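Participant: What follows is a predicted protein model with its sequence.
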Amino acid sequence: SHLTNIITILTCGTVTSHVSGTTSNFGREVAERSWSLAGFSLFLLTSFLVGAMISGLATEFGRRRLWESIYVLPMAIEALFLAAFAFGLEVHGQRIVQPGAGLYFMTGLACMAMGLQNATITRISSGVVRTTHVTGVLTDLGLEVVQFLYWLRDRSRPYPPGSPTSLIRSLHTHPTARRLALLASILGSFALGACLGTLAFDRFPRWAMFPPVLFLAWI
């Protein structure tokens, strides 16, 4: 998701994978009566919402038909959205997308794909994992670090004594340690995606979106 987000920043000058900043911009633009900018921010918010709704509809469609995997359809739709976004990159190359129909087309597709992905992964993980923003991830990471440090302190006490082997075994099974690893991997994936997206767009702008599309197709 962050690979897509960084490419939309580079090509369209706006974020698409998280909408907190977009909502703030919308409020400021309304207050300043910048109606064209406010309309664009509202379009981004609506596109993200529509993407989440498409995820819900596609997932429910599969569930009612008793599909073996109810998440195949939403992932396929996201792949189509990102493929269309990649087509837009092919058209524009390394040029900045100017305000107009092209900008709405590109950002709308990206926002819908991100809303669809976030809603789908949220449902798969029962609300534990969010893939389009790191605010909640960092918050959860801070809370889990405290719990983990308390757990380590309690283990260092003489009751009961623990050997290094048992500590390593406990790290593999303790829920806090496993959740820390999950949250840290999500945070690292965000940073890695932004880095790889920037490098890919700098070197191969027309092919930068192919890896995430192929990855979704593989899933």
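Facilitator: It's in.

Participant: Need the residues that contact the host helix or strand of residue 76.
Facilitator: Following DSSP states H and E, one finds residue 76 within helix 72-92. With contact meaning Cβ atoms under 8 Å, 6 or more residues apart in numbering, helix 72-92 is reached by 4, 7, 11, 51, 54-55, 58-59, 61-62, 67, 97, 102, 105-106, 109-110, 112-113, 116-117, 119-120, 205-206, 208-210, 212-213, 216-217, 219. In short, each C-beta sits where N, CA and C put it, glycine included.

Participant: which among the residues you listed end up buried?
Facilitator: Buried members of these, counted by 16 or more other Cβ atoms under 10 Å: 4, 7, 11, 51, 54-55, 58-59, 62, 97, 105-106, 109-110, 112-113, 116-117, 119-120, 205, 208-209, 212-213, 216.

Participant: Quick check: which element contains residue 145?
Facilitator: Per DSSP H and E: helix 135-155 holds residue 145.

Participant: Would you mind listing the buried residues in that helix?
Facilitator: Residues 137, 140-141, 144, 148 are the ones in helix 135-155 that count as buried (16+ other Cβ under 10 Å).

Participant: Please convert those to CSV, extending it with distance to residue 76 and pLDDT.
Facilitator: Below are the buried residues of helix 135-155 laid out as CSV (distance: Cβ to Cβ, whole Å; pLDDT from 0 to 100):
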residue, distance to residue 76, pLDDT
137, 26, 79
140, 30, 83
141, 32, 85
144, 34, 85
148, 38, 82
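
Participant: Dump those to a markdown table, plus distance to residue 27.
Facilitator: What follows is these, written out as a markdown table (distance: Cβ to Cβ, whole Å):
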| residue | distance to residue 27 |
| --- | --- |
| 137 | 25 |
| 140 | 27 |
| 141 | 28 |
| 144 | 32 |
| 148 | 37 |
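
Participant: And the residue lying closest to residue 134 once chain neighbours are set aside, how far from residue 151?
Facilitator: Once flanking residues are discounted, residue 134 sits nearest to residue 190: 5.4 Å by Cβ to Cβ, 6 or more residues apart in numbering. As judged by Cβ to Cβ, to the nearest Å, residue 190 and residue 151 stand 26 Å apart.

Participant: How about the secondary structure of the residue nearest the centre of the chain?
Facilitator: Taking Cα atoms, centre = their mean as the criterion, residue 132 is the residue nearest the geometric centre of the chain, at 2.2 Å. Classification of residue 132 by DSSP: H, G, I helix; E, B strand; the rest coil places it in coil.

Participant: which residues touch it?
Facilitator: Neighbours of residue 132 in contact, by Cβ under 8 Å, 6+ apart: 1, 5, 17-18, 114-115, 117-118.
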